[in-house]
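Colleague: Just to be clear, the model below is a prediction. Sequence and coordinates:
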Amino acid sequence: MSNVHLLDHPLVQHKLTLMRRKEASTNSFRRLLNEISMLMAYEVTRDMAMQDIEIETPLEPMHAKVIDGKKVVLVSILRAGTGILDGMLSVIPGARVGHIGLYRDPKTLTAVEYYFKMPGEMEERDAIVVDPMLATGNSAVAAVERLKELNPKSIKFVCLLTCPEGVKTMQEAHPDVPIYTAAIDRELNSHGYILPGLGDAGDRIFGTK
């Protein structure tokens, strides 16, 4: 699984375990996902380009490093991607936001697009695609394929959970896109859900069924 980054920090793993529990409430699930997303943002942005600017401290002028958050685009795969988006925006408040609306056809498990909205000048921006689950991989592949039409500088994919099948599908279609995840679970079931997983992330975030 080359180009897969497993974020196994103890705080991330602890919070993920609490989220997996079936008795976790909608409120606690949403709060924990927000916290994990903030922690994951630190690793995902580790290689961001920086520039020197001149500032004034209380004692003297100096050159100091900053990132240009406006060059980063967080791309949320609707609807569950919103859960990761909020936490990452807390860490990168200057980031622009794009949305890709996809739903999974219940019979074929293929991704169907219904919405696509991105900031302008994507060729100058680094895109971070977020979705809690990389399961069959079909939605992620479709989202990245659509995004590549705008030719962003770089693309990363961030998810909370994945499995060998999802990683394989993603890497075969987009070997140039690194995957960042908190866990690689055992397998998919016949309905396309990750095992042991944590259920349907969208339903657990929004309290729907």
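Modeller: Alright, I've got the coordinates.
Colleague: Show the average pLDDT along stretch 189-201.
Modeller: What stretch 189-201 shows for mean pLDDT is 91.
Colleague: Equivalent analysis for stretch 41-60, please.
Modeller: 91.
Colleague: Helix, strand, or coil at residue 107?
Modeller: Secondary structure assignment for residue 107 (DSSP: H, G, I helix; E, B strand; the rest coil): coil.
Colleague: Tell me how many other residues crowd it.
Modeller: When counting by other CB atoms under 10 Å, one arrives at 6 neighbours for residue 107. Heads up, the C-betas are built off the backbone N, CA and C, glycines and all.
Colleague: same deal with the one 4 residues further on?
Modeller: By other CB under 10 Å, the residues close to residue 111 number 21.
Colleague: How about residue 62?
Modeller: Neighbour number of residue 62 under other CB under 10 Å is 11.
Colleague: can you tell me the helix or strand for it?
Modeller: For residue 62, the host element (DSSP states H and E) is strand 61-66.
Colleague: Now do the same contact list for residue 209.
Modeller: residue 203 (CB atoms under 8 Å, 6 or more residues apart in numbering).
Colleague: The helix or strand following the strand holding residue 62 pairs with which strands, and in what direction?
Modeller: Downstream of strand 61-66, the next assigned helix or strand under DSSP H and E is strand 72-78. Sheet pairing for strand 72-78, assigned by DSSP bridges, gives strand 96-104 (parallel), strand 126-130 (parallel).
Colleague: Nice, that's everything, thank you.
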